[in-house]
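Undergrad: Below is the sequence, then the predicted model.
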Number of protein chains: 2
Amino acid sequence: MSIQTRRERERAERERLIVTAARELAEAEGWEAVTTRRLAAEIEYSQPVLYSHFKGKEAIMAAVAVQGCAELAVELRTAREAAKGRRGALAAVGEAYTAFARRRPALYDAMFTHRVDLPFATPEAPAPLQEAFGELRQAVEPIAAEGDDVGLLTETYWAGLHGLVTLMRSGRLPEGAHEQRLELLTGHFSGALR
Amino acid sequence: MSIQTRRERERAERERLIVTAARELAEAEGWEAVTTRRLAAEIEYSQPVLYSHFKGKEAIMAAVAVQGCAELAVELRTAREAAKGRRGALAAVGEAYTAFARRRPALYDAMFTHRVDLPFATPEAPAPLQEAFGELRQAVEPIAAEGDDVGLLTETYWAGLHGLVTLMRSGRLPEGAHEQRLELLTGHFSGALR
DNA sequence: ACAGATTGGCTAGCGCTGCTAGAATTCAGA
DNA sequence: TCTGAATTCTAGCAGCGCTAGCCAATCTGT
């Protein structure tokens, strides 16, 4: 039994190694630099080993994405708890979200841009995904009007943040005015504007 | 001189052929099916011919994207002109925008998702891009408060639409509630909500 | 009308990708 | 120590974007 467990432990350890190697490589040089060959070299195993842990490259990216969601959830929570007032919390969370996306673009892409077969808006979604969304939701809830569907409102605000981030990152919106756009978005949702 | 112009005309014709072939293939089977080999076969020339017209595959996608923007601009204008009232116009344009994205996903990706080296938020941006943005802007302008920067407000509303579309298309938002989310977004921007 | 220059398209191939079949090796248990 | 099973590696497939260099058709000047 002990031998069995040791092997399983080593296997789990190696899987962790793969995920962190993929993530570090992606953050350093972008996802296009994360090839199965380079990843294999990085973890000092041969290519096929990757496929004994993950179904393919996409599955590795999905694992990285889940890790990223956990970190995003923490950062959103910290921002929310440090902020004062309903509007302050929403603004702080929006700020934290877009800051995360700009600081860790590769991680963000794995989480929310690249096509990845993770269940998202269902109960089967991995816990970190639900936690990150839950943080957003807790920031949105206090500014919801009576009768509002808080879930839908959160999704809509999230879409706004996501749109700002992706259009900016792809060069379709100038970076300079980001803060002003973010204020407009948050202001219109929190009722501070209009 | 006539021979020269005939050749140029034929060249331009073939370039058009490449762009429409790429677009049709992408719309039928997605961009991952648009390989230089298949595209070459489609136009009944060899691969290198593509490179005598475009710098690479990305440039072909950019050309398709410009075409798409022209069509989007037309659809947005039609929707705006048919709508009644300031809020109605904004809602109609938002509706038309997201409908376009859902009806022509591959085209939309070339325009706003894939990394493509087109100048966007500058005066050098191709005319169709500016026209499409201009249509959005004309729908946003009437709902802007005094002192608002209409350009920034338009960018922010656009980001909201783009976020809704991309998160939905990648399975991160359920399709079912799209109309409700769109109403929330438009409502908060037009001042109808809160 | 012919020779030479030029243009333009094609064949073939480079280096890379994600992924896998099957050989080789290592290891656990008798 | 030997055998069978589990694990890892070597080697290779099919396909990708892209390009060097050959070859044929066309145009130009005599």
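TA: Cool, got the structure. Numbering: from 1, shown residues only, chains lettered A, B, ... in the order given.
Undergrad: Kindly provide the distance from residue A:91 to residue A:161.
TA: When C-beta to C-beta, to the nearest Å is applied, the distance between residue A:91 and residue A:161 equals 12 Å. C-beta coordinates here come from the backbone N, C-alpha and C atoms, glycine included.
Undergrad: Residues that sit against both of those two, list them.
TA: Overlap of the contact sets of residue A:91 and residue A:161 (by C-beta atoms under 8 Å, 6 or more residues apart in numbering or on different chains) consists of residue A:182.
Undergrad: Which residue is the nearest non-sequential neighbour of residue A:86?
TA: Residue nearest to residue A:86 in three dimensions, not counting chain neighbours: residue A:142, with 4.1 Å by C-beta to C-beta, 6 or more residues apart in numbering or on different chains.
Undergrad: residues from chain A in reach of chain B?
TA: For chain A, the contact set with chain B under C-beta under 8 Å from any C-beta of the partner chain comprises A:112-113, A:115-116, A:120-121, A:145, A:149, A:152-153, A:155-156, A:158-164, A:166-167, A:170-174, A:177, A:180-181, A:184-185, A:188-189, A:191, A:193-194.
Undergrad: Quick check on these: which are buried?
TA: A:112-113, A:116, A:120-121, A:152-153, A:155-156, A:158-164, A:166-167, A:170-173, A:177, A:181, A:184-185, A:188-189, A:191, A:193-194 (16 or more other C-beta atoms under 10 Å in any protein chain shown).
Undergrad: What about the residues of chain A next to chain B, which are in helices?
TA: Counting by DSSP state H, the residues of chain A next to chain B place A:152-153, A:155-156, A:158-164, A:166-167, A:180-181, A:184-185, A:188-189 in helices.
Undergrad: Contacts (any at all) between DNA strand C and stretch A:28-46?
TA: Yes - for stretch A:28-46, a contact with DNA strand C is found by C-beta under 7 Å from any atom of the strand, at A:34, A:35, A:36, A:37, A:38.
Undergrad: Turn the residues you listed into TSV, including secondary structure.
TA: As requested, the residues of stretch A:28-46 next to DNA strand C are exported to TSV (DSSP: H, G, I helix; E, B strand; the rest coil):
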residue	secondary structure
A:34	coil
A:35	coil
A:36	helix
A:37	helix
A:38	helix
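Undergrad: Where in chain A is the helix or strand with the lowest mean pLDDT?
TA: Confidence across the helices and strands of chain A bottoms out at helix A:2-29, with a mean of 89, counting by mean pLDDT, DSSP states H and E.
Undergrad: Report all helices and strands that that helix contacts.
TA: Helix A:2-29 sits against helix A:36-43, helix A:47-53, helix A:57-82, helix A:105-108, with contacts defined as 3 or more C-beta pairs under 8 Å, 6 or more residues apart in numbering or on different chains; DSSP states H and E.
Undergrad: what's the third one packed up against?
TA: Applying 3+ C-beta pairs under 8 Å, 6+ apart, one finds that helix A:57-82 contacts helix A:2-29, helix A:86-103, helix A:105-108, helix A:127-140.
Undergrad: now with 10 Å?
TA: Helix A:57-82 sits against helix A:2-29, helix A:36-43, helix A:47-53, helix A:86-103, helix A:105-108, helix A:127-140, with contacts defined as 3 or more C-beta pairs under 10 Å, 6 or more residues apart in numbering or on different chains; DSSP states H and E.
Undergrad: could those be laid out in CSV, adding mean neighbour count?
TA: Formatted as CSV, the helices and strands packed on helix A:57-82 follow (neighbours: other C-beta atoms under 10 Å in any protein chain shown):
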stretch, mean neighbour count
helix A:2-29, 14
helix A:36-43, 16
helix A:47-53, 14
helix A:86-103, 20
helix A:105-108, 22
helix A:127-140, 20
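Undergrad: Turn those helices into TSV, including distance to residue B:51.
TA: Putting those into TSV (distance: least, C-beta to C-beta, whole Å) gives the following:
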stretch	distance to residue B:51
helix A:2-29	27
helix A:36-43	27
helix A:47-53	31
helix A:86-103	35
helix A:105-108	30
helix A:127-140	42
